[in-house]
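[1] quick check, what structure comes out for this input:
(2 chains)
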Amino acid sequence: MAELAVATRESDAASLSTASPPRRRHAEILAPLPPPLTAARRRRAVRALIILAALAVLIQPVSIPAGHYLYSRLESGTDIYSQWRAYASAPAPDILFLGPSESRTDVDVGGLSSDLSSLAGRRVSVKAMGIGAAQPALLDIVMYRVMAQTTRPKVVVLTLEAPMFNANAVCRECGRDPLTSDIWQLSSTIDPGYYSLAFQNDPNRAELATGLALPSIAYYPSIGALECPIVNRMRRLFQAARPMPWELQQATPCEVGAAARPNHEMTAAQADGLVAVYQADFVAHYSLSDQLMADERDMVGRARAGGAQVVFLEPPFHSSIRSSDAAAAGQFPGAARALAQVLAVPVVDLGAAVPDDPQLWFDPLHLNVKGARLFAPLLAQTLNPQLKA
Amino acid sequence: MARYRKATRFGHGSAHVLFNSEPYILFLGTVVALNWALPRDWRPAFLLAASYFFYAYWSPPYLALILSLTAFNYLAGILQGRSTPRRRGLLALAIAVDLAALGVFKYLGFLDGTVNSIAALVGGRGSLPVVQLILPLGLSFFTFEFVHYQIDLFRGTEPILNPIRFALFPAFFPTQIAGPIKRYEDFDEQVREKPAFNVSVFLEGLELIAVGLFKKAVIADTVARLVVLVYSHPGQVGAGDAWFGSLAWWIQIYFDFSAYSDIARGSAQLLGYRIPLNFNAPYLSRSFQNLWQRWHMSLSFWMRDYVFQPLVTARGLKRFRINVRLILAVMVTFALVGLWHGAAVHFVAFGLMCGLWVVVDRILEVRVWRRKSLARVRTIAVWAQTQLLILVTLVLFVVPVTGALHFWKVMFTGAPGFQLLNSLEVLQIAGIFGATVGIQIAMERWKPREWISRLELSSLMRPAYVASLSAVALYFAVAGAAINLSTQRFVYFQF
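    All right, here's what the predicted structure looks like:
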């Protein structure tokens, strides 16, 4: 122990003093003073800062087209901007299906158009826009843009599903709200009415304004799409490696996005997993939102003001989802019916129209291509009388 | 549905602004722009308002806590400043109130639980209700700043009379949540001088933020997965997993906390302020004492100044020999360092173990490493010894004592090899550690940043450095979120 005392006396002699501590005794932790700012140093620093500022300004306009392109890659063309561009690039259809992702996955546009055409004895054109996890606040804004076009659909079929009216469907504290992100992506217009409605419907007004003013903030998450080619190249590189690095084993965002195109059959494990998430995330925390119901009312009013007839569609769901909804989210069907009654909107209930055969489902919420093809004649037959009316 | 799953996470975590989040970048940008746009005299008041907004964003009710502690310490400081000689009773009262706040929010649950456990051990029935309060953000940090203020006043420094300047000292938002623990004379001197815009300091601030984001998103969050992998499967770990899991944790905690400190320093520099350093190449530590001079320096030097030295010179301990006093002071100081990190037995054990290694280090240094025959290997050997002891000790920082005993058993007597980590992951951990040691040696010896800043080309190199680090960090943050690694909290926010 004597050694300890000796060693400590050597190094800490000053600190053992009982006298008042000198000022700045903690000089060890002070950040070093910057070197004197000579003229040359200042010039170089100013130049560097100007270059950084110029980069920050230049990246703003560039990030919009880059973001659209990357989001399209990321979501295999099912992102809101790609869907909107596809819709707006041609004259409006006779019938537009609009709603969450089921509007896109469950509606076989070609098959339905041909079935309706043969039933009606004339050509009936159909388009569908299904925006993942869209709630009425966003769909109302999409409807605004649809009705602001020079040509408008004659009939708008609005798809309904329980999460649409769930106030707890999105945790606003957990990260970026998809509503805000979708509004940014749909902002390819100078129409002030669009922006006014966007600010009215989006509770994240400060964030919305920031993304509109600084598009790089709005679009930077799309750089996730860059991961896909990098990971694919790395996978080839590590093909021989056993084991493959964990990071490379994970699905890339593009592969997850590709899965949004339902061209494969549901497995029991996938179904169970999704039903468990559905029950834990949505059903267990279901809270019917008056605001979202009001947004739906506004959307119906907007469609009607644009001269379109409105129909509500309850799309097919796997029995496991229907029983989950009935058991715990029972508020939804009653509220949807009541809303339809108040607004005098006909409801086409095809919730149980497709059997539970896994060959027809992508997952318990969405039909796959085969299921949608099977569903098309049923949908045509059920919709046809509504269209005549 | 996929988007719902991504967007939906129920359960209410704390909603404070993470330094590596969009809201913080927006907040910082706005505050920096307004700070420099405002007249000089208004800036402290503006920064105080911004800092309180920052705190209230996490929890408006808890703003009352920092406000009331600030008001109390301000008044206590003025009374102390007017007293000649300084009043020991007033100092004791001020420290008692500050530590009581810390005790109630941070340690009450721990104390109740410990009393109940002891009662149960001796055959009684533990009947104290265990209180678990939400720990106010940054409480451990700003409480220590208040205590330092009161002690320094007692030792003869002058109080801050201007209430805005005083309130800004604990509330200053870059250091509010996880330090560094500031010293009031340095900070207040800068506030009084009202820093002018210095383009070099500003640019360095941007560089620090970019480096911090890079450290957090690219390294800390990537290695975090391996730490979780090892420590969440204690039954399956091999000896290799246990050692490399600990090394991964050593990497994660350093990169995570130093990332936070870099962003805090960078944010302060954008506003024209310098705040204390927290790290000085800790991977180059050559003893445990040296480690604590390089690691979380603002805490360790605080402990030296306000716990260790008063203990060594305490009248009550004068009857002991100096070496006994030193050992006692080291052990008490490190037990408190451990307790500061969390109200749990394993944190205290972590602190005590650090204290023990400080003592052992000194003995080994004098008895073994000073021998002339070992002069050639000395540097490498003491470094390796320190790093190995760190890896052993850090286990206590992650898991409770029983878990740590299991991991130590596996480390020293377990079957060699890896059960959880694959060869690439081992290579990744070793590569990051080796590269960091290399970079820290290079930075310490050659100070590349200094000579780069002298080059004419630096006006191109520095923006390229900031832009590329930020872009890579952004990419990793986005890609990490896409594979469910999601933006992670900074480890030191919990303290």
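
[2] please count neighbours and contacts with C-alpha atoms only from this point.
    Will do.

[3] can you pull out the low-pLDDT segments for the stretch 101-250 of chain A?
    A:170-175, A:241-243 (pLDDT under 70).

[4] run through the helices of it in chain order.
    In the stretch 101-250 of chain A, helices defined by DSSP state H, counting those that start in this stretch lie at A:102-105, A:109-120, A:136-147, A:178-185, A:192-201, A:205-213, A:215-219, A:227-237, A:246-249, listed in chain order.

[5] and if you look at the stretch 351-495 of chain B?
    B:375-398, B:401-413, B:423-446, B:448-454, B:458-482.

[6] follow-up on the earlier one: out of the helices of the stretch 101-250 of chain A, which gets nearest to B:Gly235?
    B:Gly235 lies closest to helix A:246-249 among the helices of the stretch 101-250 of chain A, at 21.1 Å (Cα to Cα).

[7] now that closest one, how far from the centre of its chain.
    Going by Cα atoms, centre = their mean, to the nearest Å, the spacing between the C-alpha centre of helix A:246-249 and its chain's C-alpha centre is 25 Å.

[8] please identify the buried residues of it?
    Of the residues in helix A:246-249, none is buried by neighbour count under the rule 16 or more other Cα atoms under 10 Å in any protein chain shown.

[9] name the residues that touch that helix?
    Outside of helix A:246-249, the residues that reach it under the criterion Cα atoms under 8 Å, 6 or more residues apart in numbering or on different chains are A:231, A:234-235.

[10] now stretch B:160-178
    With Cα under 8 Å, 6+ apart as the criterion, stretch B:160-178 contacts B:44-45, B:47-48, B:50-52, B:54-55, B:66, B:70-71, B:74, B:77-78, B:137-139, B:141-142, B:145-146, B:181-182, B:184, B:187-188, B:191-192, B:260, B:263-265, B:267-268, B:492-493, B:495.

[11] next, the buried residues of the lengthiest helix in chain A.
    When chain A is parsed with DSSP state H, its longest helix is helix A:39-74. For helix A:39-74, burial by neighbour count (16+ other Cα under 10 Å) applies to A:41, A:43-49, A:51-52, A:60, A:63-64, A:66-74.

[12] stretch B:213-227 too?
    For stretch B:213-227, by 16+ other Cα under 10 Å, it's B:213-224, B:226-227.

[13] around chain A, which positions in the stretch 251-400 of chain B sit nearby?
    Residues of the stretch 251-400 of chain B found near chain A, taking Cα under 8 Å from any Cα of the partner chain as the criterion, are B:274-278, B:297-298, B:301, B:309, B:312-313, B:322-324, B:326, B:359, B:362-363, B:366-367.

[14] need the contact list for B:Leu91.
    B:Leu91 sits next to B:80, B:150-151, B:154 when contact means Cα under 8 Å, 6+ apart.

[15] look up how far chain A lies from it.
    Distance check for B:Leu91 against chain A: by Cα to the nearest Cα, to the nearest Å, it reads 16 Å.

[16] per-residue confidence at that residue?
    In this prediction, B:Leu91 carries a pLDDT score of 93.

[17] also B:Val478?
    Confidence at B:Val478, expressed as pLDDT, is 79.

[18] give me every residue that touches it.
    Neighbouring residues of B:Val478 by Cα under 8 Å, 6+ apart: A:221, A:223-224.

[19] which of those has the largest number of neighbours?
    Comparing the contacts of B:Val478 by number of neighbours (other Cα atoms under 10 Å in any protein chain shown), A:Gly224 comes first, having 24 neighbours.

[20] and it, how far from A:Glu75?
    Counting by Cα to Cα, to the nearest Å, the gap between A:Gly224 and A:Glu75 amounts to 11 Å.

[21] for B:Arg183, same thing?
    51 Å.

[22] and B:Thr143, by the same measure?
    Note on B:Thr143: its distance to A:Glu75, by Cα to Cα, is 49 Å.

[23] please apply the same query to A:Leu179.
    Applying Cα to Cα, one obtains 16 Å for the distance of A:Leu179 from A:Glu75.

[24] identify the residues contacting stretch A:311-327?
    For stretch A:311-327, contacts defined as Cα under 8 Å, 6+ apart pick out A:102, A:106, A:155-162, A:275, A:278-279, A:283, A:332, A:340, A:345-356, A:364-367, A:386.

[25] all strands for the chain, in order.
    With no chain named, the answer covers chain A. Remark: strands assigned in chain A by DSSP state E are A:95-99, A:126-130, A:155-159, A:309-314, A:347-349, A:361-363, A:366-367.

[26] nope, chain B
    Listed in chain order (using DSSP E), chain B turns out to have no strands.

[27] need the longest helix for it.
    helix B:239-270.

[28] quick check: mean pLDDT of stretch A:267-282?
    Rounded to a whole number, the mean pLDDT of stretch A:267-282 is 79.

[29] got a pLDDT number for the nearest residue to B:Arg304 once chain neighbours are set aside?
    In space, B:Arg304 comes closest to B:Thr333 once its chain neighbours are excluded; the distance is 7.8 Å by Cα to Cα, 6 or more residues apart in numbering or on different chains. B:Thr333 is assigned a predicted lDDT (pLDDT) of 94.

[30] same deal with B:Val312?
    The predicted structure lists B:Val312 with a pLDDT of 89.

[31] same deal with B:Phe146?
    95.

[32] so it sits against B:Leu99, correct?
    No - under the criterion of Cα atoms under 8 Å, B:Phe146 makes no contact with B:Leu99, lying 9.6 Å away.

[33] give me the more crowded residue out of those two.
    For B:Phe146 versus B:Leu99, neighbours defined as other Cα under 10 Å are more numerous around B:Phe146 (26 against 18).

[34] OK, now which residue of the stretch 351-495 of chain B is nearest to chain A?
    Each residue of the stretch 351-495 of chain B has a distance to chain A, by Cα to the nearest Cα, and the smallest belongs to B:Ser459, at 4.3 Å.

[35] return the distance of stretch B:46-59 from the chain's centre.
    Distance of stretch B:46-59 from its chain centroid, counting by Cα atoms, centre = their mean, is 21 Å.

[36] do it and chain A meet at all?
    No - figure legend: stretch B:46-59 not in contact with chain A (Cα under 8 Å from any Cα); closest approach 10.9 Å.

[37] by contact count, what packs against the longest helix of chain B?
    Counting contacts by 3 or more Cα pairs under 8 Å, 6 or more residues apart in numbering or on different chains; DSSP states H and E, the secondary-structure elements packed against helix B:239-270 are helix B:173-176, helix B:199-214, helix B:221-231, helix B:375-398, helix B:401-413, helix B:423-446.

[38] can you list contacts of the third one?
    So that's helix B:221-231. When contacts are taken as Cα under 8 Å, 6+ apart, the neighbours of helix B:221-231 outside the stretch itself are B:237, B:241-242, B:245-246, B:248-249, B:251-252, B:256, B:398-399, B:420-421, B:425, B:429, B:480, B:485, B:488.

[39] repeat for the second one
    For helix B:199-214, the surrounding residues in contact (Cα under 8 Å, 6+ apart) are A:34, A:37, A:41-42, A:45-46, A:48-49, B:20, B:258-272, B:462, B:465-467, B:469-470, B:472-473.
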